[in-house]
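1. Quick one, fold the following:
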Amino acid sequence: MATKNFKLRSDQIAPLVVSTGWCMASDRVVVDGSPIGYMYRQKPVSGGDSGWRFLAGDEDEAYMARNENHGVYDLNTVVNYDPSVIPFLDAPPGSRFDKVAGNTYEALESWPKDEGQ
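-> Down below sits the predicted model:
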């Protein structure tokens, strides 16, 4: 497995939020440095899971099907890549947001209970 060259070095990660656990982020965000364009929170799948999933928004199904294109990271680490997501971190499972302009996010319709919660 190839080593990832993250956009931010570990010494560039500041304590921006009190971590609520881990999250998933695509390499488009943490390697390529693309801003978070789509985020959603699902019901945690295991202990320590915040439920948050962060994507640039241009990843397709084939890209996401490859495990090497995303990873599990501490929530604080990922928000350092795009701090504009911080105001939304208390949203409940089932919440989804699309970046619409600059650092503005639009809430999308929540998932049905059986899918997102």
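2. Bridged to the residue nearest the centre of the chain, which residues?
-> The centroid of the chain falls nearest to Phe54 when counting by Cα atoms, centre = their mean (2.0 Å). Beta-bridge partners of Phe54, counted by DSSP bridges, are Ala25, Met39.
3. From Ser10, how far out is it?
-> Counting by Cβ to Cβ, to the nearest Å, the separation of Phe54 from Ser10 is 18 Å. For glycine as for every other residue, the C-beta is placed from the backbone atoms N, C-alpha and C.
4. what do you get for Gly102?
-> Counting by Cβ to Cβ, the gap from Gly102 to Ser10 is 28 Å.
5. Tell me which residues touch the residue nearest to the centre of the chain, please.
-> 23-26, 29, 36, 38-39, 78, 82, 85 (Cβ atoms under 8 Å, 6 or more residues apart in numbering).
6. How are the helices of this protein distributed by residue range?
-> Here the chain has its helices, by DSSP state H, at 27-30, 61-65, 75-81, 113-116.
7. export the longest one as PDB, just CAs?
-> Written as PDB, here are the backbone C-alpha positions of helix 75-81 (Å, rounded to 0.1, in the frame of the first residue of the first chain):
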ATOM      1  CA  LEU A  75     -12.500  14.600  13.700                       C
ATOM      2  CA  ASN A  76     -10.300  17.500  14.800                       C
ATOM      3  CA  THR A  77      -7.800  16.500  12.100                       C
ATOM      4  CA  VAL A  78     -10.300  16.700   9.300                       C
ATOM      5  CA  VAL A  79     -11.800  20.000  10.400                       C
ATOM      6  CA  ASN A  80      -8.400  21.500  10.100                       C
ATOM      7  CA  TYR A  81      -8.600  20.900   6.400                       C
END
